[in-house]
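Chemist: structure here, sequence nowhere to be found:
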């Protein structure tokens, strides 16, 4: 009987596991939030991932549970573990990805380089941090943020008053995370995969280009990366994966500072936007690698299959009634562009697909990837 | 709304269309012969492809009908066309792939190089052909053969007596095909894709290695192929696609003779075993290309993405209770091998999967592909 992988969440990350699951002969099952989501082809159930009974019933029919996102509550994860179900990544690792304050504290314990940070419970503590860091800092809500949401650059403690007020009403109470505003020259991302039995595969560090807090482009490997940079980034990825006991794919978002240090920005314990290039530019895509890793199968070769790969995200815009309309034009002009769609209704700013191009010359690859993606812009 | 492609037949070729359909956001629907076939993930209906009502009902819910195999009867195809349904490849082209005598006659009309051949209705005619061709020849049943079935090398007319007897009982009557025994140095395959509107994409000619009449390995591009060989093979592919009005993928199986001529052996109007390497070794796989072509979308780049690719078929053997058992070993030893499984119960000699390896050095690529495939042998 085929090995059964259960994915909680029916978004595009689950969708992009379908192709490697078919290739490897795995039985991929998805617990989707609603009908007609990105991964609907593999959806075997629709239900609420916050409901323990729902998730447990789904989990009992698979060999391992993994995730399209990091939002499954710890009490639900605990029910799965108590029932003897293999969960990868596990609750302890996911707890670090679910709460940015926990993440900062654990990374500090591991000795990882990161921005100065503090947990602040009120305006006075925030002002003290601001005063100590040049009057400006980044405030983050510890939980629930993504794509720039829950992140705010402030110059005065009063600018976070609404978030402190919300904290006061939250039964969990707690604190906000404040971080120094890092003087970075660019953003990078390091991906590694780790099996429960310990094997690790390391992808080359990539450059990520953000627009409005959302990943817009990825250049792989990171251009002009020195051997030292590649090694330091890889070591950070490996040490975090091992230190936190991450299983499956781990993405470490990094700042490269103007004084050539690497600082950890965020973590993601699943396939990640920064690794979509691997679908068409690496021997083993991050989606295949994640499936191998969570099943504790030997990992695939994470080498690039071309000297350069570029991924450009396609965002929905107000005029996008249908992506299909743009298809023929993009395909005709860019026969070497690999177009990936998510089957999602386009809404302004929503990621609805991406384009990968691989080749020998970076400038040419960037040009061609942007050209193909441009057909999906207004 | 997503474009809907209906595939008649639920085998591995339909299965391998799932990945590119997901990427391109197409709604792939499969009319499968039975439950739990290779393409079951995309199966929306189970029914008999020889029943016009069944196929018509399936076809009315899609934008184009295409095929996993070439066995849909002409009267069923005619019903679809009469109902105004887009069918690619169309009935006229498929008629050529369905009957080897029709194929030989049409290729002769197109002036394509092929072995000497004749339609023989009885032992006397067969003996006359044998006498004129050194006493040995290949006899083929015109319809229904595949993987070496319906093909027999004979040295005397009596060796085809059973087939002549079967002919006499067949309401369609007809003849057997006899072909000269070609003195070939190797077998090649040329693939092209053609859209209804005329655009053609040409893959490099590949070498196919057969064992017991079944494709065992493919080397892409064909090693030691001269520019002239590449050009002649490409021209044969293009001229057959245009001459027969093929839409979708066309594979032309070729003999390369010891005196360096190319002769057409067989045709297939669908993705073909000789093109499985394109999944991991070309910018656009034959499965994505077939979907683009039958939808009359612009074709993708058919260039190789690596200097060399090798595909090795995995055949079921008597000891194969489960392919999964072999997986971990193959994955551990060959992290760069791309393993493709068909979700089929292993039976002796049945194709149940294949392995692709791509790289810079042919000998190394061959070695690694065979090494990975060897884990699935007894």
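Modeler: Now that the structure is in, tell me what you want to look at. Since the structure is predicted, the reported quantities are computational estimates derived from the model, not experimental observations.
Chemist: now the residue in the stretch 151-300 of chain A positioned nearest to chain B. Its backbone dihedrals?
Modeler: In the stretch 151-300 of chain A, the residue that lies nearest chain B is residue A:298 (3.9 Å; C-beta to the nearest C-beta). (Each C-beta comes from the backbone N, C-alpha and C, glycine too.) Backbone geometry at residue A:298, expressed as degrees, to the nearest 10, gives phi -50, psi 140.
Chemist: count the neighbours of it for me.
Modeler: Residue A:298 is flanked by 20 other residues according to other C-beta atoms under 10 Å in any protein chain shown.
Chemist: now residue A:370, what's its secondary structure?
Modeler: When classified by DSSP: H, G, I helix; E, B strand; the rest coil, residue A:370 comes out as helix.
Chemist: and the pLDDT at it?
Modeler: pLDDT, residue A:370: 95.
Chemist: and the nearest residue to it once chain neighbours are set aside, how far from chain B?
Modeler: Distances taken as C-beta to C-beta, 6 or more residues apart in numbering or on different chains put residue A:312 closest to residue A:370, at 5.8 Å, once the chain neighbours are dropped. Here residue A:312 is placed at a distance of 15 Å from chain B (C-beta to the nearest C-beta, to the nearest Å).
Chemist: OK, contacts around residue A:312?
Modeler: A:216, A:217, A:354, A:355, A:369, A:370, A:372, A:373 (C-beta atoms under 8 Å, 6 or more residues apart in numbering or on different chains).
Chemist: shouldn't the second one be within a helix?
Modeler: No: assignment of residue A:217 by three-state DSSP gives strand, placing it outside any helix.
Chemist: ok, now which ones touch the residue nearest the centre of chain A?
Modeler: For chain A, the residue nearest the mean C-alpha position is residue A:272 (3.3 Å; C-alpha atoms, centre = their mean). For residue A:272, the contact set (C-beta under 8 Å, 6+ apart) comprises A:189, A:191, A:249, A:251, A:286.
Chemist: among these, which are in helices?
Modeler: Within these, residues falling in helices by DSSP state H are residue A:286.
Chemist: among the contacts of residue A:272, which are in strands?
Modeler: Here DSSP state E is the test, and these give A:189, A:191, A:249, A:251 as lying in strands.
Chemist: grab the nearest non-local neighbour of the last one.
Modeler: Leaving aside its chain neighbours, residue A:251 sits nearest to residue A:272 (3.6 Å; criterion: C-beta to C-beta, 6+ apart).
Chemist: same question, the third one
Modeler: Spatially, and ignoring its direct neighbours in sequence, residue A:249 is nearest to residue A:290 (4.5 Å; C-beta to C-beta, 6+ apart).
Chemist: ranges for the helices of the stretch 151-300 of chain A?
Modeler: In the stretch 151-300 of chain A, the helices defined using DSSP state H, counting those that start in this stretch lie at A:161-169, A:227-244, A:278-281, A:286-294.
Chemist: for residue A:10, see how far away the residue nearest to residue A:370 is.
Modeler: Distance from residue A:312 to residue A:10, counting by C-beta to C-beta, to the nearest Å: 24 Å.
Chemist: also residue A:25?
Modeler: For residue A:25, the distance to residue A:10 - C-beta to C-beta - is 22 Å.
Chemist: just give me the neighbour total for the residue nearest to residue A:55 when sequence neighbours are not counted.
Modeler: In this structure, residue A:55 finds its nearest non-sequential neighbour in residue A:76, 5.3 Å apart by C-beta to C-beta, 6+ apart. For residue A:76, the neighbour count with other C-beta under 10 Å is 21.
Chemist: how about low-confidence regions in chain A?
Modeler: Across chain A, the ranges flagged by pLDDT under 70 are A:145-148, A:171-173, A:317-325, A:378.
Chemist: most distant residue from the middle of it?
Modeler: Computed with C-alpha atoms, centre = their mean, the residue of chain A farthest from its C-alpha average is residue A:124, at 33.1 Å.
Chemist: so who does it touch?
Modeler: With contacts defined as C-beta under 8 Å, 6+ apart, residue A:124 is in contact with residue A:157.
Chemist: and residue A:191, what are its bridge partners?
Modeler: Beta-bridge pairing for residue A:191 (DSSP bridges): residue A:251.
Chemist: re earlier: got the contact list for the residue nearest to residue A:249?
Modeler: Per C-beta under 8 Å, 6+ apart, neighbours of residue A:290: A:17, A:66, A:193, A:248, A:249, A:270, A:271.
Chemist: I am finished for the moment; much appreciated.
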